[in-house]
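In: Make a model of this:
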Amino acid sequence: MTRNVVTVTSETTLKEVAALLGAKKISGVPVCGGDGRVVGVVSNADVIWKEVGVAVDAGLFERLLDTAYGDSSRLEARTAGDAMSSPAVTIAPDATVDTAARVMVDRGINRLPVVEDGRLVGILTRADLLRAFQRSDQELKREIADDVLLHTLWIDPDSVSLLVIDGEVTIGGLVENRSTAELVCAYIRRVPGVVAVQSGLSWHVDDLARRTAGSADRIQRRV
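Out: Predicted coordinates:
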């Protein structure tokens, strides 16, 4: 994410917003209150709507449609507070990249203010997500070995084989149990830039089979 975030207030005029977006070459900004809390987001689409929306002297039919679809207030907007989308769709600093990507696609938005304890700490854009996925195989391998295996799952990276080619990860070796093997694959898939995981992991104990058998026994006893 970008930490030095360009923001505006509710009172910032749309002319000032347009000038700021043009000068900074960005497509939108968070609208913040005096306490740093995000109250909305205003984008170039909001400014453009103001410019090309239904004119004041439009015909009766056009004005009726405008009112029916609730856009009259946007046409009358003078400030960021008038034109912004509110409440803003935000995300937490510890959210994963794939979660952020899913939110952007599902909500049809290009930026996500990053909020901690209600206050703005950064902003994440689609360009940031693209950069996260444009990582070398060596970078991916290093993150999987250090962050996923060693520090998250406490597995010695030297105890498994790990190969990354064009973002596709192949991992093999022997781990303690089947649950751990499945966790390894689940965590690797969440690493930004990984496109697929092929697992050749085996395990000492099939703890999942034991749980399934135990559940089946308990159900039979009830019957």
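In: Check what contacts stretch 128-141 and list those residues.
Out: 1-2, 97, 100-101, 104, 162, 164-167, 169, 191-194 (C-beta atoms under 8 Å, 6 or more residues apart in numbering). Quick note: C-beta positions are derived from backbone N, CA and C, even for glycine.
In: Can I get the buried part of those as one ChimeraX selection?
Out: For the buried members of the contacts of stretch 128-141, the matching ChimeraX selection, counting by 16 or more other C-beta atoms under 10 Å, is:
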select :1,97,100,101,104,162,164,167,169,191,192,193,194
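In: Among the contacts of stretch 128-141, name the ones in helices.
Out: 97, 100-101, 104 (DSSP state H).
In: need the contact list for the spatially most central residue of the chain.
Out: Nearest to the mean C-alpha position of the chain, counting by C-alpha atoms, centre = their mean, stands Ala100 at 0.7 Å. Ala100 is in contact with 91, 112, 124, 129, counting by C-beta under 8 Å, 6+ apart.
In: and the residues you listed, which of them are in strands?
Out: 112, 124 (DSSP state E).
In: Now pLDDT and distance to Asp156 too, for the contacts of Ala100, in CSV please.
Out: Below are the contacts of Ala100 laid out as CSV (pLDDT from 0 to 100; distance: C-beta to C-beta, whole Å):
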residue, pLDDT, distance to Asp156
Ile91, 92, 34
Leu112, 91, 36
Leu124, 90, 34
Leu129, 83, 32
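In: Let me know the closest of the contacts of Ala100 to Thr152.
Out: Ile91 (21.1 Å; C-beta to C-beta).
In: and the residue nearest to the centre of the chain, what pLDDT?
Out: We have a pLDDT of 87 for Ala100.
In: From Thr125, how far out is it?
Out: 10 Å (C-beta to C-beta, to the nearest Å).
In: hey, what's in contact with both of those two?
Out: Leu112.
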